[in-house]
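Participant: Sequence first, predicted model second:
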Amino acid sequence: MKTYLLTIKKIQNLLLGISIGVLMVLPIISAYFPTVLSMPVMNVLFAISLSAVFFVMSIRPLADIFPKATWIRALVILRKGFGVFSASIIVSFFLGKIMAQGLGYLSILGTPEYWSLTKYALFAHLGDLTGIILLITSNTFSKRMLGPWWKRIQKLAYVYFYAGALYEFLAFYSGLAFVALSVVTLLVLVAFTKNMSRRLAETTDPTPVSPQTI
C-alpha cells in the first residue's frame with residue numbers, strides 16, 4: 001500500500017506539472033497558430049479533458065459505494081490532479097480567445113447571445129466559466145482563504161462536468177460523453193442512496209444497552 005500511495009502522489013505531481021505546461025503552451029497555439037488545432041486535434045483534446053473529469057466525478061461515488069476497498073479510496077487523492085488537468089485544457093482555449101481578440105472578448109460575456117442555446121453555446125460557456133473558477137481555487141491557498149466556502153465552490157465540478165459532457169454529446173454526438181453522463185449519474189445516485197441508507201440505519205438502530213447486574 002505504501003508503494004501504491006507513493007505512485008499516486010507521483011501521478012498527482014505529474015498531472016499538475018502537465019497542466020502548467022498546457023496552460024503555458026496551448027493558449028499561444030490556439031491564439032497564434034490556430035491551423036495546428038484542426039478539428040480532429042480539437043476532438044482529441046476535448047476527449048482527453050472529458051475523460052479526466054469523468055474520472056474525477058466517478059471516483060468519489062465509487063469510494064462511497066465500496067468503502068472497504070482502500071485502493072479505491074486512495075484514488076480519491078487524484079481528483080485534484082485530474083480535475084486541474086481537465087480544466088487546464090478548457091481554460092487554455094478561453095485564454096487563447098482573449099489573446100487573439102484582446103480584452104474586448106470579455107465584453108461579450110454579458111450578452112444574451114453568449115449564453116443562448118444556439119449551437120448549445122450555453123453548455124460550452126458554462127463549462128468555460130466553471131472550469132476557470134475551479135482551476136483558480138484548486139490550491140491550498142484558496143482552500144485556506146475561502147474556508148467553508150471552498151467545498152461549496154468545488155461542487156461546481158458537477159456543473160463543469162455536466163455542462164461539458166452535454167455539450168460534447170449534443171454538439172458532436174460523442175459516444176464517450178453519453179457513457180460518461182450515464183455512468184456518473186448512476187454512480188452518484190447509487191452512492192447517494194447508500195449513504196442515506198447508512199445514515200438512516202445509524203439513527204434508527206441504536207446500539208443495544210448491555211443489561212446491568214446488581
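Facilitator: That came through, no problem. Here the structure is a predicted model, which is why all the values come from computation and not from measurement.
Participant: So, low pLDDT: which residues of this structure?
Facilitator: 205-214 (pLDDT under 70).
Participant: ok, which stretches of it are helices?
Facilitator: Here the chain has its helices, by DSSP state H, at 2-32, 39-65, 70-75, 79-101, 121-137, 140-146, 149-154, 156-172, 175-204.
Participant: and of those, who's closest to residue 110?
Facilitator: Closest approach to residue 110 among the helices of the chain (C-beta to C-beta): helix 121-137, 11.5 Å. C-beta coordinates here come from the backbone N, C-alpha and C atoms, glycine included.
Participant: what angle separates that closest one from helix 39-65?
Facilitator: 60 degrees (axes from the mean of the first three to the mean of the last three C-alpha atoms, to 10 degrees).
Participant: What residues of helix 121-137 count as buried?
Facilitator: 122-135, 137 (16 or more other C-beta atoms under 10 Å).
Participant: Go through those residues and say which is closest to residue 20.
Facilitator: residue 135 (11.1 Å).
Participant: So the closest one sits against residue 89, correct?
Facilitator: No. The criterion here is C-beta atoms under 8 Å, and residue 135 misses it with residue 89 at 10.3 Å.
Participant: The nearest residue to residue 195 once chain neighbours are set aside: neighbouring residues, count only.
Facilitator: Excluding its sequence neighbours, the residue lying closest to residue 195 (C-beta to C-beta, 6 or more residues apart in numbering) is residue 64, at 5.9 Å. Neighbours of residue 64 under the rule other C-beta atoms under 10 Å: 19.
Participant: so residue 64 touches residue 194, yeah?
Facilitator: Yes. In this structure residue 64 lies within contact range of residue 194 using C-beta under 8 Å: 6.5 Å.
Participant: how about the closest residue to residue 90 other than its chain neighbours, what does it touch?
Facilitator: Distances taken as C-beta to C-beta, 6+ apart place residue 131 nearest to residue 90, at 4.3 Å, with adjacent residues excluded. Contacts here follow C-beta atoms under 8 Å, 6 or more residues apart in numbering; on that basis residue 131 touches 86-87, 90-91, 94, 160, 164.
Participant: redo that, cut-off 7 Å
Facilitator: Shown in contact with residue 131 (C-beta atoms under 7 Å, 6 or more residues apart in numbering): 87, 90-91, 160.
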